[in-house]
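**Q** Below is the sequence, then the predicted model.
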Amino acid sequence: MSAPLTSSQRRALLSHPAGWIATALGAGLSPKAPGTAGSLVALLPWWLLLRDLPFGWYAVVLVAGFFLGAWACDVACKRLGMHDHGALVWDEVIGMWITLFAAPRSPLPWMAGYMLVGFALFRLFDIWKPWPIRVADRRVHGGFGVMLDDVIAGVYALIVLQAITYVFGHVHA
């Protein structure tokens, strides 16, 4: 857990566009559970813009978002003088979008449940950090390192979410 940002660190971070991106427009500045705040913030653009995209375009958004985040987090780390401060939550945004990549086209009650389970799974893997997430978190630095562990957590959550969806779909078919 990172110490809260000082006012000078906050100014250094938010005086550059990369800081706004890295904090997911300020969600990472939440005084409690900034990673959870970043993951929650990711749900709104996913619901409004991404969930109905064809898979190819969704993949383009993920790749572009990853590279944008790697750049923004790298700049933010340098401006803060530390690696992967808790306020940097763009990686949680991309991790959530990866988790929800293969969401079924379902009516709202089912979609809300899918989002809730996906959110819980992503947060579980992001906090627990099973292998190789922990290795990536500790050994890969810079903006790429900030992003990488959450990408892997998102892939784990996507796989488990799809397995649950498959089993649940076959139980009720």
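**A** Okay, I see it. Residues are numbered from 1 along each chain as shown.
**Q** Please make it C-alpha for all contacts and neighbour counts, starting now.
**A** OK.
**Q** hang on, isn't H85 packed against R79?
**A** No - H85 is beyond contact range of R79, at 11.1 Å (criterion: Cα atoms under 8 Å).
**Q** next structured bit after the helix or strand where R134 lies?
**A** Per DSSP states H and E, R134 falls inside helix 133-139. Scanning forward in sequence from helix 133-139 by DSSP H and E, the next helix or strand is helix 142-171.
**Q** And that next one, what's buried?
**A** Across helix 142-171, burial judged by 16 or more other Cα atoms under 10 Å covers 142-158, 160-162.
**Q** so what does that helix touch, helix or strand wise?
**A** helix 55-80, helix 90-99, helix 108-128, helix 133-139 (3 or more Cα pairs under 8 Å, 6 or more residues apart in numbering; DSSP states H and E).
**Q** Touching stretch 109-120 from outside, list them.
**A** If you take Cα atoms under 8 Å, 6 or more residues apart in numbering as the criterion, stretch 109-120 is touched by 39-40, 43, 96, 99-100, 103-105, 157-158, 161.
**Q** Could you tell me how many residues sit around S106?
**A** Applying other Cα atoms under 10 Å, we find 10 residues neighbouring S106.
**Q** Find the centremost residue of the chain, please.
**A** When Cα atoms, centre = their mean is applied to the chain, the residue found nearest the centroid is E92 (1.9 Å).
**Q** Tell me which residues touch that one, please.
**A** By Cα under 8 Å, 6+ apart, E92 lies in contact with 35, 38-39, 42, 150.
**Q** Helices - which of the residues you listed land there?
**A** 35, 38-39, 42, 150 (DSSP state H).
**Q** With pLDDT and distance to R51 as new columns, can those be given to me in TSV?
**A** Output for the ones in helices among the contacts of E92, formatted as TSV (pLDDT from 0 to 100; distance: Cα to Cα, whole Å):
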residue	pLDDT	distance to R51
G35	97	22
G38	98	18
S39	98	16
A42	98	12
D150	97	20
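**Q** Good, we can wrap up now.
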